[in-house]
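let's see this in three dimensions:
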Amino acid sequence: MALIDLPRPLRGHPVRPPASGIARKRGVWERVHLDPWLLGMLLVLMLAGLVVLYSASGQRLEVVIAQGIRFGVALVVMLLLAQVSTTTLLRWALPVYVAGLLMLVAVELVGDMGMGAQRWLVIPGVIRFQPSELMKLAMPLMVAAYLSRRELPPRLKDLAVCALLIGVPVVLIAKQPDLGTSLLVAAAAIFVVLLAGLSWRFIAVLAGLAAAALPVLWLNLHDYQRQRVLTFLDPNSDPLGAGWNIIQSTTAIGSGGLFGKGWLQGTQSQLEFLPERHTDFIVAVLGEEFGLVGMLAVLVLYLLIISRGLWLAAGAQDTFGRLLAGSIILTFFIYVFVNVGMVSGILPVVGVPLPLVSYGGTSSVTLLAGFGILMAIHAHRRLLPR
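Model (predicted):
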């Protein structure tokens, strides 16, 4: 039984124009394969992100301009991918996946170091990027392509192949180390498998096996990752060390009250008590300066984007499109849930940015590329008879 019962493909011939020969004139949005509602909400979110980023970066205009340029590049990528048919996406799934794996291996061999982690590839004078971000799209693309060619729900043999496809890149990303991205990449692929129609009984068995593997996972975590978990359980055990981030972020959010202290008026952020305030902890800046009302407004905007994305995914009329579109929008939800959860103290800190609000180029391009694919799946759906 599928977790989400999206529409199945129907058989029939394409709709023909009426006998008079007058065909319906396509609007501009249909011609460019973009969904105006989703695009509009994404633009509002990016604009809000730039406003918050200006404050979170210490009122550095060059940071906001750099982020705006990255948003522009990401929007172009989204527009280009929206023109790609699902047939082309299916054909390119394996090459993109293999290219991502090769880049992850290159990171392991010659990757650039930064903040104690080896996560970047650098083309001197051209670009510095994280190949692990590419896997957030390549992974669900590959798993959806594989399962779409098999009988669903997937058999045990197919699940074993999926586990191999997921496990290799996830291990490579975790070794960088980058626990947050490895979890997101794994989640993107696991959503595809779940949407393919696993029974609740089988899901319960997998959950039990995952719980049994937790001690092994704990033993293989880096020291700082274990410390993050321990700090999550008791932040006050080391208030000036490992617990500093979460204590300062919850203090900032709480001090904002209902309506906040006002834009650029936050004390925790402007006086630099709050760490990583322009990236992972930007929600704390939002909460301090705009209060509960501001945070709820942004969360409602995220909810509307996710709802619209699910509506578009429900319109996919082939197995590959349904699996891929559903995974893209559910992964976006995980982004939001994990970031807000870790900043507010209900989840351990794992280094996941707030989508299209936190400062970052590669993640912005990846996210909007995913929305471009989602719009492409919706725009290229087959015409069916009424």
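
next, name the residue at the spatial heart of the protein.
Relative to the mean C-alpha position of the chain, the nearest C-alpha, by CA atoms, centre = their mean, is the one of F332, at 4.0 Å.

the helix or strand containing that residue: how far from the chain's middle?
Assigned by DSSP states H and E, F332 falls within helix 319-343. Relative to its parent chain, helix 319-343 has a centroid offset of 6 Å by CA atoms, centre = their mean, to the nearest Å.

for it, name the packing helices and strands.
Other helices and strands packing on helix 319-343, by 3 or more CB pairs under 8 Å, 6 or more residues apart in numbering; DSSP states H and E, are helix 86-110, helix 131-148, helix 179-195, helix 244-255, helix 282-314, helix 362-379. For every residue, glycine as well, the C-beta is placed using N, CA and C.

can you rerun that using 7 Å?
For helix 319-343, the elements it packs on are helix 86-110, helix 131-148, helix 179-195, helix 282-314, helix 362-379, judged by 3 or more CB pairs under 7 Å, 6 or more residues apart in numbering; DSSP states H and E.

for that helix, buried residues please.
319-336, 338-343 (16 or more other CB atoms under 10 Å).

quick check: mean pLDDT of that helix?
The pLDDT scores in helix 319-343 average 93.

if you skip the residues just before and after it, what's nearest to V365?
Closest residue to V365 in three dimensions, ignoring its sequence neighbours and counting by CB to CB, 6 or more residues apart in numbering: A74, at 4.4 Å.

for the spatially closest residue to F371 that is not a sequence neighbour, give its distance to V216.
Nearest-residue entry for F371: M78, 5.7 Å, with adjacent residues in sequence omitted and distances by CB to CB, 6+ apart. Counting by CB to CB, to the nearest Å, the gap from M78 to V216 is 40 Å.

you'd agree I166 is up against A189?
Yes - look at I166 against A189 with CB atoms under 7 Å: they come within range, at 4.5 Å.

compare these two (neighbour count), which wins?
When I166 is set against A189 and neighbours are counted by other CB atoms under 10 Å, the residue ahead is A189, at 27 against 22.

is it true that the more buried one touches L137?
No - between A189 and L137 there is no contact under CB under 7 Å: 10.8 Å.

measure the residue nearest to V365 to L356 for me?
When distance is defined by CB to CB, A74 is 9 Å away from L356.

which residues touch stretch 216-230?
Residues lying outside stretch 216-230 but in contact with it, judged by CB atoms under 7 Å, 6 or more residues apart in numbering, are P177, L179, A242, P348, V349.

phi, psi for the first one please.
Backbone torsions of P177, given as degrees, to the nearest 10, read phi -90, psi 150.

quick revisit: between M78 and V216, which has more neighbouring residues?
Each of M78 and V216 has its neighbours counted (other CB under 10 Å); M78 has more, 23 against 8.

now do the SS call for the more buried one.
Of the three states, M78 takes helix under DSSP: H, G, I helix; E, B strand; the rest coil.

common neighbours of I166 and A189, please.
When contacts are counted by CB under 7 Å, 6+ apart, I166 and A189 have M139, V143 as shared neighbours.

re earlier: and the helices and strands packed on helix 319-343 as a markdown table, adding distance to S269?
Putting these into a markdown table (distance: least, CB to CB, whole Å) gives the following:
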| stretch | distance to S269 |
| --- | --- |
| helix 86-110 | 32 |
| helix 131-148 | 26 |
| helix 179-195 | 22 |
| helix 282-314 | 5 |
| helix 362-379 | 21 |
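
could the ones you listed be laid out in a markdown table, adding mean pLDDT and distance to K157?
Compiled in a markdown table, those are given as follows (pLDDT from 0 to 100; distance: least, CB to CB, whole Å):
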| stretch | mean pLDDT | distance to K157 |
| --- | --- | --- |
| helix 86-110 | 92 | 19 |
| helix 131-148 | 92 | 12 |
| helix 179-195 | 90 | 13 |
| helix 282-314 | 94 | 27 |
| helix 362-379 | 92 | 27 |
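
out of those helices, the one nearest V28 is which?
Between V28 and the helices and strands packed on helix 319-343, the shortest separation by CB to CB is 12.7 Å, and it involves helix 362-379.

for that closest one, give me every contacting residue.
By CB under 7 Å, 6+ apart, the list of residues contacting helix 362-379 reads 33-35, 38, 42, 70-71, 73-75, 77-79, 81-84, 86, 89, 129-130, 133, 136-137, 309, 312-313, 315-316, 321, 324-325, 328-329, 332, 353, 355-356.

what's the first helix or strand after the top strand by length along the chain?
If you go by DSSP state E, the chain has its longest strand at strand 117-123. Beyond strand 117-123 on the C-terminal side, the first helix or strand identified by DSSP H and E is strand 127-129.

for that following strand, packing partners?
Strand 127-129 sits against strand 117-123, with contacts defined as 3+ CB pairs under 7 Å, 6+ apart.

mind exporting the C-alpha coordinates of the strand it packs on to PDB?
Extracted C-alpha coordinates of strand 117-123, given in PDB (Å, rounded to 0.1, in the frame of the first residue of the first chain):
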ATOM      1  CA  ALA A 117      35.800  19.500   6.900                       C
ATOM      2  CA  GLN A 118      36.800  18.400   3.400                       C
ATOM      3  CA  ARG A 119      33.600  19.000   1.400                       C
ATOM      4  CA  TRP A 120      34.400  21.300  -1.500                       C
ATOM      5  CA  LEU A 121      35.800  21.000  -5.000                       C
ATOM      6  CA  VAL A 122      37.600  24.100  -6.400                       C
ATOM      7  CA  ILE A 123      38.100  25.100 -10.000                       C
END
